[in-house]
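J.: Okay, here's the prediction I keep looking at, along with the sequence it came from:
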Amino acid sequence: MDLELRHLRIVRAVADAGSVSKAASLLGLAQPALTAQLKRIERVLGGTLFERDRHGARPTRLGELVLARARVLLPAAKELQDEAVRFAHAPSPGFRIGATNGPILGGLVDRLAAERTVSTYTSWSADELTTMAELGRLDYVLTGACGDGGTPMGSLRWETISYDPVFTLVADTHPLAGEKELELSELAPESWAVTPGDGCFADCFATACARAGFTPGTIYETDVATCTHLARVGRAVALCQATHQAAPGLAMVPLAGAPLRWRQLLGHHPAASDATWVVEQAKQTHAEVVRRSPVYQDWLVRNPGFGTAS
């Protein structure tokens, strides 16, 4: 792993907050996820950056050196980004949208293309897409984050499109396929299929399983098509957003209490003049997807507070 600017932001955040737990809250990450990232950064830099005890976290001598450089490099990088955006973010005749895996990109493109030309770029990495938008190579970023976390770091403005539970996909022949909803603990013996990403979802999933009293077994991290195939043949339970449209041979079953939650986010440069309209199109797209999902609609009746953001 190479040292990146986001690693320096993490080190600075821990130093400024005075503890890993406070920094995790400010960065919108689960504390175990931030602790794991900090350990990886320390391995790259060759030593411990903070002394941690019940009073908080204090920089070591190596930590002080890294912090001194970070406080120079991060403002310089921000200034470079701002200059690049001013240079490259000239009014575009169309919309350039970057997106991670999600259920509303197709509908949003269809809506926007009725007014302007649209180009898309997909990536598993929200960090990559955010950087591209900050540098003026994308106009909008459509991505997601764990429901209880914060928004991605960076200079973009982020709008919440929806707040959704995570459901499960099982084969329609699975013994639990006809259930109204399942306790996560009922799926303890299963293998799992999930799509990749660079957020804290993997840590949030592990935490939810621990609260349910088990450690997940085999986890297949792969693309959407493979996840659904593994679920259809009974090889794994796939985790999916509640707006997912289950294909033949599959049943979508909610998890009781929504132990896993997901927010759809749309990021844009603060100077984007058409952002309000695009955000509204994204919300209307999400609402349409919900209307096409009887399982999600039924669940929403019993669980208000989720769905399309107001």
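T.: In hand now; what should we look at?
J.: What ranges in the stretch 151-300 of the chain fall below the confidence cut-off?
T.: Applying pLDDT under 70 to the stretch 151-300 of the chain picks out residues 151-153.
J.: where do the helices sit along it?
T.: Taking DSSP state H, counting those that start in this stretch as the criterion, the stretch 151-300 of the chain carries its helices at 201-211, 224-232, 275-291, 294-302.
J.: Save those as a markdown table, and put in mean neighbour count and distance to Gln241 too.
T.: To be clear about C-beta, it is placed using only N, CA and C from the backbone, and glycine gets the same treatment. Shown next, in a markdown table, are these (neighbours: other CB atoms under 10 Å; distance: least, CB to CB, whole Å):
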| stretch | mean neighbour count | distance to Gln241 |
| --- | --- | --- |
| helix 201-211 | 18 | 11 |
| helix 224-232 | 19 | 11 |
| helix 275-291 | 19 | 9 |
| helix 294-302 | 15 | 9 |
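J.: out of these, nearest to Leu250?
T.: When these are compared by CB to CB, helix 224-232 sits nearest Leu250, at 5.6 Å.
J.: Distance from that closest one to the middle of the chain?
T.: 20 Å (CA atoms, centre = their mean, to the nearest Å).
J.: got a list of contacts for that helix?
T.: Helix 224-232 is contacted by residues 101, 169-171, 191, 193-195, 220, 222, 236-238, 240, 247, 249-250 when judged by CB atoms under 8 Å, 6 or more residues apart in numbering.
J.: Roughly how far does Asn101 sit from Pro270?
T.: 26 Å (CB to CB, to the nearest Å).
J.: Distance to Arg69 for the helices of the stretch 151-300 of the chain - can I get that in a markdown table?
T.: Formatted as a markdown table, the helices of the stretch 151-300 of the chain follow (distance: least, CB to CB, whole Å):
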| stretch | distance to Arg69 |
| --- | --- |
| helix 201-211 | 28 |
| helix 224-232 | 40 |
| helix 275-291 | 35 |
| helix 294-302 | 48 |
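J.: Tell me which of those helices sits nearest to Ala309.
T.: helix 275-291 (6.3 Å).
J.: Pull out the buried residues from the contacts of helix 224-232.
T.: 101, 169-171, 193-195, 220, 222, 236-238, 240, 250 (16 or more other CB atoms under 10 Å).
J.: Quick check: the farthest pair among those?
T.: Of all pairs drawn from the buried ones among the contacts of helix 224-232, the greatest distance, 21.4 Å, lies between Asn101 and Ala171 (CB to CB).
J.: Could you pull up the residues touching the closest residue to Lys180 other than its chain neighbours?
T.: Computed as CB to CB, 6 or more residues apart in numbering, the closest residue to Lys180 that is not its neighbour in sequence is Pro254, at 7.6 Å. Contacts were defined as CB under 8 Å, 6+ apart; by that measure Pro254 touches Pro165, Phe167, Thr168, Lys180, Glu181, Leu182, Ala242, Val295, Trp299.
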